[in-house]
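Chemist: sharing a sequence plus its predicted fold:
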Amino acid sequence: MYTKTVILSEAIEAHGKKYSSLELRKPNGGDMMECGSPLVTWQDGYGTLHQKPDYAAIGKYLAWLASIPPSSVKNLDPADMNAAGKEVIDFFQEAEAARAKKILELNPPKVPGENQTAD
């Protein structure tokens, strides 16, 4: 199973133990249904898309993916929350990049004039 490890600058307590790192498993569709998007996306008046972290959703993902209670997530140092949140977001961005690459491999773009026959 694909996981990511986040080293914490300040240990947290979960399940009666001290954790100096979090092991995050890869999210699945059920996690997405439960937690939502880790990013808030909006479009400004000029048509430019913007994104920012949704810390409520990221907190849910951290609890689910690291198998720790939400109360432990709430005790994360802000720098650790940012680092762990980046890893959660990276799961989605890496998956989208891999998906796009696979689509291009299966359906390569057609170059005008290449492999075309005259009618």
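Modeler: All right, it came through fine. Owing to the predicted nature of the structure, the values given are computational and were not obtained by experimental measurement.
Chemist: doesn't L24 lie inside a strand?
Modeler: Yes: applying DSSP: H, G, I helix; E, B strand; the rest coil, one finds L24 inside a strand.
Chemist: list the residues that contact it.
Modeler: If a contact means C-beta atoms under 8 Å, 6 or more residues apart in numbering, then L24 has T3, K4, T5, V6, L62, L65, A66, A84, E87, V88, F91 as its contacts. Every C-beta, even on glycine, is put in place using the N, C-alpha and C of the backbone.
Chemist: are any of those residues buried, and if so which?
Modeler: K4, V6, L62, L65, A66, A84, E87, V88, F91 (16 or more other C-beta atoms under 10 Å).
Chemist: pull the longest strand from the chain.
Modeler: Using DSSP state E, we find that the single longest strand of the chain is strand 3-14.
Chemist: list the buried ones in the helix or strand of the chain at the bottom of the mean pLDDT ranking?
Modeler: When the helices and strands of the chain are scored by mean pLDDT, DSSP states H and E, helix 78-106 comes last with a mean of 84. Residues of helix 78-106 classed as buried by neighbour count (16+ other C-beta under 10 Å): D80, M81, A83, A84, G85, E87, V88, I89, F91.
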